[in-house]
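*Asks:* with the input below, show me the fold.
(2 chains)
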Amino acid sequence: MSWLETLRTGVNGVRSHRLRSSLTVLGILIGIAGVIIAVGLGEGASSQVTSEINALGSNVLTITPGSSTSSTGVRGALGSASTLTMSDVSALESHVDAPDVKAVAPITSQTEVLTAGSQTATTSVQGTTSNWLAVRGRTLTEGRFIDTQDIKDHTAVGVLGATTASELFTRGDPVGQTVDVNGIPVTIVGVLASTGSSSSSSTTSDPDDTLILPISTGAERIFGGTSRNSVSSIALQADSPADLTAAYQEADHLLLQLHGITTASDADFTITSEASLIAANTSVDHTLTILLGGIAAISLIVGGIGVMNIMLVSVTERIREIGLRKALGATPRVIRRQFLVEASVLGILGGILGVVVGLLGVLYLPGLIGDPMTTSPTAAVGALAIAMAIGVLFGVYPASRAAALAPIDALRSE
Amino acid sequence: MITPPLGTPEVDVATETVIKLERVTKVYRTGSISVAALRGVSLSIQEGEYVAIIGPSGSGKSTLMHILGCLDVPSAGRYHLAGDDVSNMSETALAEVRNRQIGFVFQQFNLLASLTAWQNVELPLVYAGVPRLERRERAMSALGRVGLAGRVNHRPGELSGGQQQRVAVARALVTEPALILADEPTGNLDSKSATDVMALMGELYDAGRTLVLITHDADVASAAERVVGIRDGLLSERDESKLESQSIR
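*Replies:* Down below sits the predicted model:
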């Protein structure tokens, strides 16, 4: 008996018990759709995290004043605000003492109210050097960034973040306009490109809502009060993500030396990798994906048991048919194949419909739950293969039982 | 009236001998109890014969039918079907023998309800690996032969009992088997349909078919050319003329 005949007989068997077949297919469908949606959610979350890390610069370290081992865990308390200075910055820029550090950007920051005409915005004003753009891995949509001449001359120029720019200048080009900060008019010379990372991230403040000034201008003309030399944080760029650990050790060692501290636990500064904060989030997402995937896998197994159950019922119910087919010359192998094909048809049908429902879910669910999801062709193809395998695997036992029936016992049963 | 077993071993297994049973026994074991359903049966049936095997229930006639039909194998003894020794064949080899050599007609018709008449008839040809078009053609001609040319696309549920049994006869014919084995073919039919089916059997006999009819009914058995009685697992050849006066069961 050819495979085509076997297939035709198998499909016939499935079609002649429509309700029962559809319920079995439904079991597989739910499992497969579940796997695709779970994988879509997981991959969506992790690709969002990856884009956030990229936005921060994956090889960037941030040094902040204060000890991470202090009891409250609060860094940058009043008394420690001045522990980082411009001399720390120049020491870190040395390629001899810190060979793995590519660039250093000191940052002073304060929240200020900006006024442009009738528009106001409360934003984080940051004073820094021309290195900032490269260290942070940012680009400009228009104009220029602050340069070394601006720092030398204490020029009142600034670069706006994309969000701030659109808040202050609803229409027209911000470049060339003036923004009032603490009574000082600052001329806007450029606008930063949006990072595209969502503002809802809890780990960082919105990188698109900011005003960048030359560090000298910030310290002397805007912020006031604090010493000209102190900075609120230092951003370090390592040569590559692989050199991040080496850069971390060099910076740590150098700063301990400069600050005259002998025990590492007494350090008056903290070095963090922002990517590592997000990486912790990633692992949470991973756990979630595994959990969801696990539930989906369990429902697939339940679906498979459904296939087996139905096939066993079908064998019992069709004992006479099996007996007759055997009397007419069907060999045990042909009977086994017939039932295996029926089980596989159920599995494949469930798989195909499951992939369709899963992909529709990936398409429309993000609109409902607000989380991004990714379509994974690997998951779709894999799920289909799994569905087929489940049909065959859970069909083997019932098919063997049918094949092993003695023709007289099968014919005799009423 | 138990006569010694017939068919004492002949030197020459002639080609026209379709069935040759030699001292066949069948013992069923259920736990520690064993029941001998056949106790040394020997029987020869030649090509073109029409033989009725008649016996009451419990006589071993179903067991004999299963062994003749290669649905079961003997516990001891030899069975040659169309020249081949089938006594010790594997399940797969027996399936092929059933497919090629035997056409079954059952009391319960045993048609598949989801298939049309011609699809039921072509089923043995499917297992024989006959190409599709030829199958259809042969199924149609077999249905024509049993007088159902106008019903080929009906499903069993849409046919009367007599028509269903005629479809079953067509299915038994379609492979051109060496032997047609009918087990109480009229057991589920009204007398009119029963007469029709028996007339059909007579036509097949006239056409040179080898027929074995298993029944408990003397009237049915009387249609056969030769009658073999079975009782308590032993065969006895009967003279047809005695049937009239003898009541079976």
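*Asks:* all helices for the stretch 151-300 of chain A, in order.
*Replies:* Counting by DSSP state H, counting those that start in this stretch, one finds helices in the stretch 151-300 of chain A at the ranges A:162-168, A:215-217, A:244-258, A:274-317.
*Asks:* that should have said chain B, apologies.
*Replies:* Ranges of helices in chain B, per DSSP state H, are B:61-68, B:91-101, B:117-128, B:132-145, B:161-173, B:191-206, B:218-221, B:240-243.
*Asks:* could you give the secondary structure assignment for the spatially most central residue of chain A?
*Replies:* Among the residues of chain A, residue A:46 comes closest to the average C-alpha position under CA atoms, centre = their mean, at 2.0 Å. Going by DSSP: H, G, I helix; E, B strand; the rest coil, the secondary structure assigned to residue A:46 is helix.
*Asks:* ok, now how distant is it from residue A:207?
*Replies:* 20 Å (CB to CB, to the nearest Å). The way it works is simple: take the backbone N, C-alpha and C, and place the C-beta from them, glycine included.
*Asks:* give the contact list for the residue nearest to residue A:140 when sequence neighbours are not counted.
*Replies:* Nearest residue to residue A:140 in three dimensions, chain neighbours excluded: residue A:190, at 4.9 Å (CB to CB, 6 or more residues apart in numbering or on different chains). Neighbour list for residue A:190: A:140, A:142, A:143, A:144, A:145, A:159, A:160, A:175 [criterion: CB atoms under 8 Å, 6 or more residues apart in numbering or on different chains].
*Asks:* now rank these by neighbours and give me the top one.
*Replies:* residue A:160 (31 neighbours; other CB atoms under 10 Å in any protein chain shown).
*Asks:* I'd like the distance between that residue and residue A:190.
*Replies:* According to CB to CB, residue A:160 stands 8 Å off from residue A:190.
*Asks:* helix, strand, or coil at the residue nearest to residue A:407 when sequence neighbours are not counted?
*Replies:* Leaving aside its sequence neighbours, residue A:407 sits nearest to residue A:326 (CB to CB, 6+ apart; 4.0 Å). Look at residue A:326: counting by three-state DSSP, its state is helix.
*Asks:* domains in chain A, by residue range?
*Replies:* Following automatic domain parsing, chain A resolves into domains at A:3-53+A:280-412, A:84-267.
*Asks:* which one of those lies closest to residue B:61?
*Replies:* Closest approach to residue B:61 among these (CB to CB): domain A:3-53+A:280-412, 13.5 Å.
*Asks:* list the buried residues in stretch B:126-135.
*Replies:* B:126, B:127, B:128, B:130, B:135 (16 or more other CB atoms under 10 Å in any protein chain shown).
*Asks:* next: stretch B:65-80.
*Replies:* Buried residues in stretch B:65-80, counted by 16+ other CB under 10 Å: B:65-75, B:77-80.
*Asks:* what's around residue A:141, how many residues?
*Replies:* The burial count for residue A:141: 12, using other CB under 10 Å.
*Asks:* how far away is it from residue B:181?
*Replies:* Taking CB to CB as the measure, residue A:141 falls 91 Å from residue B:181.
*Asks:* from chain B, which residue is nearest to chain A?
*Replies:* Closest residue of chain B to chain A, CB to the nearest CB: residue B:99 (2.4 Å).
*Asks:* which residue packs closest to that residue, ignoring adjacent ones?
*Replies:* In space, residue B:99 is closest to residue A:329, 2.4 Å off (CB to CB, 6+ apart).
*Asks:* tell me the contacts of residue 168?
*Replies:* With no chain named, the answer covers chain A. Contacts of residue A:168 (CB under 8 Å, 6+ apart): A:114, A:116, A:119, A:120, A:121, A:160, A:174, A:179.
*Asks:* meant chain B actually
*Replies:* Residues in contact with residue B:168 (CB under 8 Å, 6+ apart) are B:104, B:105, B:106, B:109, B:110, B:111, B:120.
*Asks:* how about CSV for those residues, with neighbour count added?
*Replies:* Listed next are the contacts of residue B:168 as CSV, based on neighbours: other CB atoms under 10 Å in any protein chain shown:
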residue, neighbour count
B:104, 25
B:105, 26
B:106, 22
B:109, 22
B:110, 21
B:111, 24
B:120, 27
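*Asks:* nearest to chain B: which residue in chain A?
*Replies:* Counting by CB to the nearest CB, chain A gets nearest chain B through residue A:329, at 2.4 Å.
*Asks:* tell me the secondary structure at that residue.
*Replies:* coil.
*Asks:* can you give me the pLDDT of it?
*Replies:* For residue A:329, the pLDDT comes out at 92.
*Asks:* pretty sure it contacts residue B:98?
*Replies:* Yes: the criterion here is CB atoms under 8 Å, and residue A:329 meets it with residue B:98 at 5.2 Å.
*Asks:* what is residue A:192 paired to in the beta sheet?
*Replies:* residue A:140 (DSSP bridges).
*Asks:* OK, contacts around it?
*Replies:* Contact analysis of residue A:192 by CB under 8 Å, 6+ apart lists A:138, A:139, A:140, A:141, A:159, A:160, A:161, A:162, A:208, A:210, A:212.
*Asks:* let's have those residues in CSV, adding pLDDT.
*Replies:* Listed next are the contacts of residue A:192 as CSV, based on pLDDT from 0 to 100:
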residue, pLDDT
A:138, 83
A:139, 85
A:140, 87
A:141, 87
A:159, 92
A:160, 90
A:161, 89
A:162, 87
A:208, 83
A:210, 89
A:212, 91
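*Asks:* wait, which of the residues you listed is closest to residue A:309?
*Replies:* Out of these, the member with the shortest distance to residue A:309 (by CB to CB) is residue A:208, at 56.1 Å.
*Asks:* quick one: pLDDT of the residue nearest the centre of chain B?
*Replies:* For chain B, the residue nearest the mean C-alpha position is residue B:181 (1.1 Å; CA atoms, centre = their mean). Per-residue confidence (pLDDT) for residue B:181: 95.
*Asks:* quick check: bridge partners of it?
*Replies:* Where residue B:181 sits in a bridge, its partners, by DSSP bridges, are residue B:104, residue B:212.
*Asks:* give the burial count for residue B:123, as a bare number.
*Replies:* Based on other CB under 10 Å, the number of other residues close to residue B:123 is 24.
*Asks:* tell me the contacts of it?
*Replies:* Contacts of residue B:123 by CB under 8 Å, 6+ apart are A:325, A:328, B:112, B:115, B:171.
*Asks:* save those residues as TSV, and put in distance to residue A:273 and neighbour count too.
*Replies:* Putting those into TSV (distance: CB to CB, whole Å; neighbours: other CB atoms under 10 Å in any protein chain shown) gives the following:
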residue	distance to residue A:273	neighbour count
A:325	69	26
A:328	74	25
B:112	71	18
B:115	71	17
B:171	79	29
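*Asks:* helix or strand: which one has residue A:87?
*Replies:* helix A:86-92 (DSSP states H and E).
*Asks:* list the buried ones in that helix?
*Replies:* A:86, A:88, A:89, A:91, A:92.
*Asks:* and residue 152, what does it touch?
*Replies:* You didn't pick a chain, so chain A it is. Contacts for residue A:152 were tallied using CB under 8 Å, 6+ apart; they are residue A:216.
*Asks:* please refer instead to chain B.
*Replies:* B:116, B:117, B:118, B:139, B:140, B:143.
*Asks:* burial measure for the fifth one, as a count.
*Replies:* Using other CB under 10 Å, residue B:140 has 19 neighbouring residues.
*Asks:* just the pLDDT at it, thanks.
*Replies:* We note a pLDDT of 95 for residue B:140 in this prediction.
*Asks:* likewise the third one?
*Replies:* At residue B:118, the predicted lDDT confidence score is 95.
*Asks:* pLDDT weak spots in the chain?
*Replies:* No chain was given, so I picked chain A. A:1, A:52-58, A:67-82, A:196-205, A:224-228, A:274-282, A:413-414 (pLDDT under 70).
*Asks:* should've been chain B
*Replies:* If you take pLDDT under 70 as the line, chain B has these spans: B:1-15, B:239-249.
*Asks:* what separates the helix or strand hosting residue A:334 from the chain centre, distance-wise?
*Replies:* For residue A:334, the element it lies in under DSSP H and E is helix A:332-369. Put simply, helix A:332-369 sits 29 Å off its chain's centre (CA atoms, centre = their mean, to the nearest Å).
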